[in-house]
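>>> here are the coordinates; sequence isn't available:
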């Protein structure tokens, strides 16, 4: 099988079981699912941008309605949410910050 992303695989049953397990994990906790969704939204935006000035990234985060809903759900102020979201991608090395720009690494 050649998936939409990731490496090709041959063990379809194992892959389906893994996907179901991940869905169960995310659907079992609304806040965890929201946090994951926020990270995915920013990561996909960075796929489009490749890199962007931090001020533009933060403005985009603040102006994206779905992220605003997640921020409220997490009960964070805007600045704390922006910092949390960016660091949530920096920590696993999915993105980097260089010269005040957020850079996609994958």
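Structure's in. What do you need? Just so you know, these numbers come straight off a predicted model, no measurement behind them. Numbering: from 1, shown residues only.
>>> now do the same contact list for the residue nearest to the spatial centre of the chain.
The centre of the chain sits closest to residue 39, judged by C-alpha atoms, centre = their mean, with a distance of 1.6 Å. Shown in contact with residue 39 (C-beta atoms under 8 Å, 6 or more residues apart in numbering): 85, 88, 89. Placement of C-beta: from N, CA and C, glycine included.
>>> secondary structure class for it?
Per DSSP: H, G, I helix; E, B strand; the rest coil, the local secondary structure of residue 39 is helix.
>>> separation between it and residue 90?
11 Å (C-beta to C-beta, to the nearest Å).
>>> now do the phi/psi pair for residue 94.
Torsion angles at residue 94 (phi, psi; degrees, to the nearest 10) stand at phi -80, psi -20.
>>> show me the contacts of residue 39 that map onto helices.
85, 88, 89 (DSSP state H).
>>> just those now: which is nearest residue 46?
In terms of C-beta to C-beta, no member of the ones in helices among the contacts of residue 39 lies closer to residue 46 than residue 89, at 7.9 Å.
>>> the closest residue to that closest one other than its chain neighbours pairs with what?
Nearest non-adjacent residue to residue 89, counting by C-beta to C-beta, 6 or more residues apart in numbering: residue 95, 4.4 Å away. When assigned by DSSP bridges, residue 95 has beta-bridge partners residue 104.
>>> may I see the buried residues of stretch 36-54?
Using 16 or more other C-beta atoms under 10 Å as the test for burial, stretch 36-54 gives 36, 38, 39, 41, 42, 45, 46, 49, 51, 52.
>>> can you pull out the strands in this protein?
Under the criterion DSSP state E, the chain contains strands at 51-53, 95-98, 101-104.
>>> so which elements touch the second one?
Think strand 95-98. Counting contacts by 3 or more C-beta pairs under 8 Å, 6 or more residues apart in numbering; DSSP states H and E, strand 95-98 packs against helix 78-90, strand 101-104.
>>> which one of these lies closest to residue 19?
helix 78-90 (22.0 Å).
>>> cheers, nothing more for now.
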